[in-house]
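Q: test case, fold it:
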Amino acid sequence: MTVIDLTHLIREGMPVYPGTEPPVLTPASSHDKDGYWETKISMFSHTGTHIDSPAHIIKGAKRLDEFEVGHFVGKALVIDCRDIPEGSEIGLYKISLYGKRAEEAEFLLFLTGWDKLWGSDDYFKGYPVLSREALDYVISGGYKGIGFDTISIDPSDDPGLPRHKRLFREAEIINIENLTGLEALLDKEFILSALPLKFENSDGAPARAVAIIDQ
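A: Numbering: from 1, shown residues only. You can find the predicted model right below:
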């Protein structure tokens, strides 16, 4: 069995969605003073590699803590979108290229290559987003979730969040953002495990996302 980490490291000074405060990791106890080491962590629920719930956008919709744990694990497929020009949309044809494999997957993960820009200002602009037709396909497909190696499924300069709203208004689905390392999974069969922190009234949460390849 091979396990591939798809998660960005949480650290101070890391990239966060524009307008969000970065995480703060404060030493709370030390070996020398207290005999043990402990850290106080302060961060927003959508920090780093994280999962959006429908309740993140739609009032009264399903929260992360209301999903069964099995919803965060399943057969996944990486859709290669690295050839899509900056500022363009991911068309339905990109998914259709994978035929039955896309239909049989429980998660569709979209590889744009934007994770290579992590830590730079360019990470926040120009990344491809789903077209209306591609989003329609996802909504009607009964998927457990979708995932991206970008900071959002909407352009960061679109405060209306139309794709978030359509997705979560019409489907009980999760959305994983800020994945990394998806290129290692091209043309591979694998299980995605993206387990969020479990806290009450969860609009979203950081997750440790990994791919499990049974060899």
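Q: how much space separates I191 from I213?
A: Plainly put, I191 is 8 Å away from I213 if you go by C-beta to C-beta, to the nearest Å. For glycine as for every other residue, the C-beta is placed from the backbone atoms N, C-alpha and C.
Q: quick one: the helices in the chain?
A: With DSSP state H applied, the chain shows helices at 31-34, 92-96, 99-104, 132-140, 162-170, listed in chain order.
Q: G19 is nearest to which of the ones you listed?
A: Proximity to G19 (C-beta to C-beta) singles out helix 162-170 among the helices of the chain, at 15.6 Å.
Q: mind checking how far that closest one is from the chain centre?
A: Its chain's average C-alpha position is 15 Å from that of helix 162-170, according to C-alpha atoms, centre = their mean, to the nearest Å.
Q: now swap in stretch 188-203 and tell me
A: Offset of stretch 188-203 from its chain centre (C-alpha atoms, centre = their mean): 9 Å.
Q: now do the contacts for the residue nearest to the spatial centre of the chain.
A: By C-alpha atoms, centre = their mean, the mean C-alpha position of the chain lies nearest to I176, the distance being 1.9 Å. For I176, the contact set (C-beta atoms under 8 Å, 6 or more residues apart in numbering) comprises 49-52, 107, 109, 145-148, 194, 207, 209.
Q: quick check: closest non-adjacent residue to H164.
A: For H164, the nearest residue in space outside its immediate sequence neighbours is I57; the separation is 4.7 Å by C-beta to C-beta, 6 or more residues apart in numbering.
Q: isn't the one you found up against E170?
A: No - using C-beta atoms under 8 Å as the test, I57 is too far from E170 to be in contact (11.5 Å).
Q: picking up where we left off before, what distance do you get for the residue nearest to the centre of the chain to L108?
A: I176 is 10 Å from L108, by C-beta to C-beta.
Q: anything in contact with each of these two?
A: Joint contacts of I176 and L108 (C-beta under 8 Å, 6+ apart) are I146, G147.
Q: quick one, which of I191 and I213 is more surrounded?
A: Taking I191 and I213 together and counting by other C-beta atoms under 10 Å, I191 has the greater number of neighbours (17 against 14).
Q: ok, and the closest non-adjacent residue to the more buried one?
A: Looking at I191 with C-beta to C-beta, 6+ apart, the closest residue is I212, at 4.4 Å.
Q: how many residues are close by that neighbour?
A: Residue crowding around I212 was assessed by other C-beta under 10 Å; the count is 14.
Q: then L111?
A: L111 is flanked by 21 other residues according to other C-beta under 10 Å.
Q: what does the one 3 residues further on give?
A: The local packing count at W114 equals 25, with neighbours defined by other C-beta under 10 Å.
Q: what pairs with the longest strand along the chain, parallel or antiparallel?
A: The strand of greatest length in the chain, counted in residues with DSSP state E as the criterion, is given as strand 204-213. With DSSP bridges as the criterion, the sheet partners recorded for strand 204-213 are strand 2-5 (antiparallel), strand 50-52 (antiparallel), strand 190-196 (antiparallel).
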